[in-house]
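*Asks:* Next input, structure requested:
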Amino acid sequence: MRLSDIVLLLNTLWFGGAFIQFSIAQANTLKILLPREERSNPIAPTLAASVAFLGGRNLPIGLLSFYLLVARPLFFQPVEAQLTLFLFFSACHFSQFAYNLPVLMRGGRVGVAYWPVLKGPMLRIFVIDAGLFAANLAVALQLAIAS
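*Replies:* Below you'll find the predicted structure:
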């Protein structure tokens, strides 16, 4: 199995998992985002329902990764197409990683605001998005150097 295949598989699993987390397990996501004492706040159900769009954003990215891995469509054969798509996937992971940086710089959860980036599920999300950003970028760079 090539590095690009492994990265596509990891993209599929990660973005598919994000779909499940945000769109199906909204109540669980709320527990990650809000401190226990704020979960009875009247706005909490609205927040839980609003994270579904994050799952909706992650699902097509995961499906695209899966399609490229399994179907190996003709349009994905040229190096330029692969380079473009791996840069796209890298940017997707980077955007999710980068938006946690300011939260991390503030020290994570501040009172009832933000979420704890340095512990629990958010730490895993932060680290995995950083790793998959780098992995997709590495494949893109490998493709650029080889062409």
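
*Asks:* from the middle of its chain, how far away would the one helix or strand in the chain whose mean pLDDT sits lowest be?
*Replies:* Lowest by mean pLDDT, DSSP states H and E among the helices and strands of the chain is helix 101-105, with a mean of 83. The chain centroid and the centroid of helix 101-105 are separated by 17 Å under C-alpha atoms, centre = their mean, to the nearest Å.

*Asks:* so what secondary structure elements neighbour the helix or strand following it?
*Replies:* Per DSSP states H and E, the first helix or strand lying C-terminal to helix 101-105 is helix 120-146. Contact here means 3 or more C-beta pairs under 8 Å, 6 or more residues apart in numbering; DSSP states H and E; on that basis helix 120-146 packs against helix 3-19, helix 26-33, helix 79-98. Quick note: C-beta positions are derived from backbone N, CA and C, even for glycine.

*Asks:* packing partners for the shortest one?
*Replies:* Helices and strands touching helix 26-33, by 3+ C-beta pairs under 8 Å, 6+ apart, are helix 44-50, helix 120-146.

*Asks:* try 7 Å this time
*Replies:* Where contact means 3 or more C-beta pairs under 7 Å, 6 or more residues apart in numbering; DSSP states H and E, helix 26-33 is packed against helix 44-50.

*Asks:* Quick check: next helix or strand after the helix it packs on?
*Replies:* helix 52-71.

*Asks:* what does that next one contact?
*Replies:* 5, 8-9, 11-12, 15-16, 18-19, 21-23, 26, 76, 85, 89, 92 (C-beta atoms under 7 Å, 6 or more residues apart in numbering).

*Asks:* now stretch 92-108
*Replies:* Outside stretch 92-108, the residues that touch it by C-beta under 7 Å, 6+ apart are 61, 114-118, 126, 129-130, 132-133, 136.

*Asks:* redo that, cut-off 6 Å
*Replies:* Outside stretch 92-108, the residues that touch it by C-beta atoms under 6 Å, 6 or more residues apart in numbering are 61, 114, 116-118, 126, 129-130, 132-133.
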